[in-house]
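*Asks:* can't give you the sequence, but here's the structure:
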């Protein structure tokens with residue numbers, strides 16, 4: 001199993017702690033806080049004993065071995081029950097994908113590659129110029145295998161039109 005991403009050290013947990021202290025100081029309620037993806041991945045790493053580093057997965061398709069998760073939760077049903085008990089996202093939760101990643105890494109069942117082969121587009125933040133540069137990268141770099149396109153619905157109309165046009169052209173999708 002090949003995992004795309006990279007390791008982060010303990011500074012991640014220190015950063016998250018500092019961030020929570022600032023939010024506490026300004027009395028930001030837990031309902032208003034954005035639960036960060038890195039933090040819930042850190043929680044998964046801690047479950048399997050990684051307290052000094054966390055593997056942060058890239059925004060690419062993730063391989064999963066279903067049996068890995070089943071075996072873990074068969075041995076730890078309370079952890080599963082707690083994780084699904086929250087009505088909304090909570091900083092006490094973890095992602096199952098990150099849990100699988102850390103278990104597989106610990107069992108030497110996964111090979112880590114930092115080569116993400118990814119173009120990441122935050123469409124809601126992208127200018128038309130930046131969107132054109134991303135498309136140019138996709139067109140010219142044959143090593144790119146994945147596109148992560150975030151919040152296309154929140155992009156400006158020109159950026160939406162450009163990106164959707166490119167996708168339709170690439171996939172030969174013809175809406176009815």
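*Replies:* Received it, and whenever you're ready, just let me know what you need. Values in this document were obtained by computation on a predicted structure and should not be read as measured data.
*Asks:* thought residue 121 was touching residue 163?
*Replies:* Yes - using C-beta atoms under 8 Å, residue 121 makes contact with residue 163 at a distance of 7.2 Å. Bear in mind the C-beta positions are built from the backbone N, C-alpha and C, glycine included.
*Asks:* tell me, what's touching these two both at once?
*Replies:* Listed as contacting both residue 121 and residue 163 by C-beta atoms under 8 Å, 6 or more residues apart in numbering are 131, 149.
*Asks:* any idea of the pLDDT on the residue lying closest to residue 123 once chain neighbours are set aside?
*Replies:* Counting by C-beta to C-beta, 6 or more residues apart in numbering, residue 123 lies nearest to residue 155, which is 3.8 Å off, once chain neighbours are set aside. Note for residue 155: predicted pLDDT of 95.
*Asks:* Any chance you could spot the residue sitting in the middle of the protein?
*Replies:* Nearest to the mean C-alpha position of the chain, by C-alpha atoms, centre = their mean, lies residue 59 at 5.2 Å.
*Asks:* And this protein, what are its domain boundaries?
*Replies:* Domains of the chain are assigned by automatic domain parsing as 2-113, 118-171.
*Asks:* State the mean pLDDT of the first one.
*Replies:* Pointing back at domain 2-113 there. On average, domain 2-113 scores 84.
*Asks:* where's that domain relative to the chain centroid, distance-wise?
*Replies:* Put simply, domain 2-113 sits 10 Å off its chain's centre (C-alpha atoms, centre = their mean, to the nearest Å).
*Asks:* Could you work out the end-to-end span of it for me?
*Replies:* Terminal residues of domain 2-113 are spaced 7 Å apart (C-alpha to C-alpha, to the nearest Å).
*Asks:* In contact with the nearest residue to the residue nearest to the centre of the chain once chain neighbours are set aside, which residues are there?
*Replies:* Leaving aside its chain neighbours, residue 59 sits nearest to residue 148 (3.8 Å; criterion: C-beta to C-beta, 6+ apart). Contact analysis of residue 148 by C-beta under 8 Å, 6+ apart lists 59, 60, 118, 119, 120, 121.
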